[in-house]
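> What would the 3D arrangement of this be:
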Amino acid sequence: MERRSFLQTAASVAMSSVDAKSVAAEWEATPGSITDVHGIRVGHFTDARRPTGCTVVLFDEPAVCGVDVRGSAPGTRETDLLNPINIVEKVNAILLSGGSAYGLDAASGVMHFLEERNIGFRVGDAVVPIVPAAILFDLFLGDPKIHPGGAAGYTACQAAANTSIAEGSVGAGAGATVGKLFGLQLAMKSGIGTASWTVPQTGLVVGALVAVNAAGDVVHQDRTKILAGARNPDGPGFLDSMAQLMNGSGPAAKPGTSTTLGIVATNAVLSKVEVTKVAQMAHDGLARSINPVHTLFDGDTIFAAATGRKGHFDAGAVGAIAAEVVARAVQRAAIMAVGVEGYPARRELTWAR
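Next up, the predicted model:
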């Protein structure tokens, strides 16, 4: 192993510090989008009757896919198929939806859209579109009998594009809220956010799309402030859910009423095992930006997909970058959200800015 002198190491650390500042500045100015990964299109359906909807990611060519589920109240479809020991390696689309378990039906609309275009896994003369999906709970906003179905998934596919993505209270994030650990009366509006990073010189791109419906609070990555979360019932300010837990307060949330859903995509060539590891590592981004996370009330799920257009990259490096873009996408979801009655958004609270 090459030995480096103290001076060489110090110079390297100094350069890293400078680079870190420039990276932070660039990210603030241009957070990027999951569609920066070529070969990906994203479409939203937002229901005008109440805050709910779904979001689809379509792949121009089948993508190697993996998943990691950390929350204790998940609602998913086709996740067993993504286990590395199982036969199907690639997917045609991934769906995120509101509507609790009802929202899984929106995936049927995505399947019909792809079937019409003869896209899917070939089995003899038949074609079966592979569409993993996950849902979040938003039934307490408006009429709970209104939830995304097949028509919603189909409409989201029709809207899919490889251009910039609408963020905030749209698609799967339309009914998303955060800060519910001590009751809905203290919660705030959240939504869906996206971010990406392109590595200079190599051209590796990693992007994330996250619908944030967490029981916990959304926090800045440096942990210096809360961006959105449980509000103080006694006046302006945040309650700070984690501090309340550490001081002995018991949560008042109900199991299964939250969940943060994410999709990470990269242009790297990765195996099914490697992309599953990326999905696991991407959860670190949730831990950096939501506090607490992966609770009994959440069904947190992250999919990871590799389009394979750029060449092979180290899966550990891709996963580490994925965690960063996931954290940034979570923050974007909180920053870009628009409030509804009873659930204000960050942009509407002067004391929160």
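> where are the low-confidence patches of the chain?
Confidence mapping of the chain against pLDDT under 70 gives the ranges 1-29, 223, 353.
> could you redo the last one with a cut-off of 80?
The model of the chain has pLDDT under 80 over residues 1-30, 221-224, 252-256, 351-353.
> Let's check: the centremost residue of it is which one?
The chain has Val210 as the residue nearest its centroid, 1.9 Å off, counting by CA atoms, centre = their mean.
> what about Leu96, distance to Ala159?
Counting by CB to CB, to the nearest Å, the separation of Leu96 from Ala159 is 14 Å. The C-beta positions use only the backbone N, C-alpha and C, and glycine is treated the same way.
> If you count surrounding residues, which of these two has more?
The neighbour count for Leu96 versus Ala159, taken as other CB atoms under 10 Å, is higher for Leu96 (29 against 17).
> and that one, how far is that from Glu116?
Using CB to CB, Leu96 is found at 22 Å from Glu116.
> Also Pro144?
31 Å.
> Who has more neighbours out of the two?
Pro144 (15 against 11).
> What does that one show for phi and psi?
phi -70, psi -10 (degrees, to the nearest 10).
> what about Gln244, how many neighbours?
15.
> Please enumerate the helices of the stretch 101-250 of the chain.
106-116, 150-159, 241-246 (DSSP state H, counting those that start in this stretch).
> got the contact list for the second one?
Residues from elsewhere that reach helix 150-159, judged by CB atoms under 8 Å, 6 or more residues apart in numbering: 43-45, 47, 53-56, 58, 93, 95, 97, 105-110, 112-114, 171.
> 6 Å instead?
Residues external to helix 150-159 that are found in contact with it (CB atoms under 6 Å, 6 or more residues apart in numbering): 43-45, 54, 56, 105-110, 112-113.
> got the end-to-end distance for stretch 127-137?
31 Å (CA to CA, to the nearest Å).
> buried stuff in that stretch?
129-137 (16 or more other CB atoms under 10 Å).
> With distance to Gly248 added, can I get those in TSV?
Formatted as TSV, the buried residues of stretch 127-137 follow (distance: CB to CB, whole Å):
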residue	distance to Gly248
Pro129	50
Ile130	47
Val131	45
Pro132	40
Ala133	39
Ala134	33
Ile135	33
Leu136	29
Phe137	27
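> from those, which ones fall inside strands?
Secondary structure from DSSP state E places 133-135 of the buried residues of stretch 127-137 in strands.
> longest single strand anywhere in this protein?
strand 53-69.
> Quickly note the distance from the closest residue to Ile130 other than its chain neighbours to Thr307.
Leaving aside its sequence neighbours, Ile130 sits nearest to Val91 (CB to CB, 6 or more residues apart in numbering; 4.5 Å). Distance, Val91 to Thr307, by CB to CB: 11 Å.
> Next: Gln331.
Distance from Gln331 to Thr307, by CB to CB: 25 Å.
> Now do the helix or strand hosting Ala279: distance to the chain's middle.
Assigned by DSSP states H and E, Ala279 belongs to helix 272-289. Its chain's C-alpha centre and that of helix 272-289 lie 11 Å apart, by CA atoms, centre = their mean, to the nearest Å.
> neighbouring contacts of it?
64, 66-68, 70, 84, 89, 221, 260, 264, 293, 302, 304, 306, 315, 318-319, 322-323, 326-327, 330-331.
> Sounds good, over and out.
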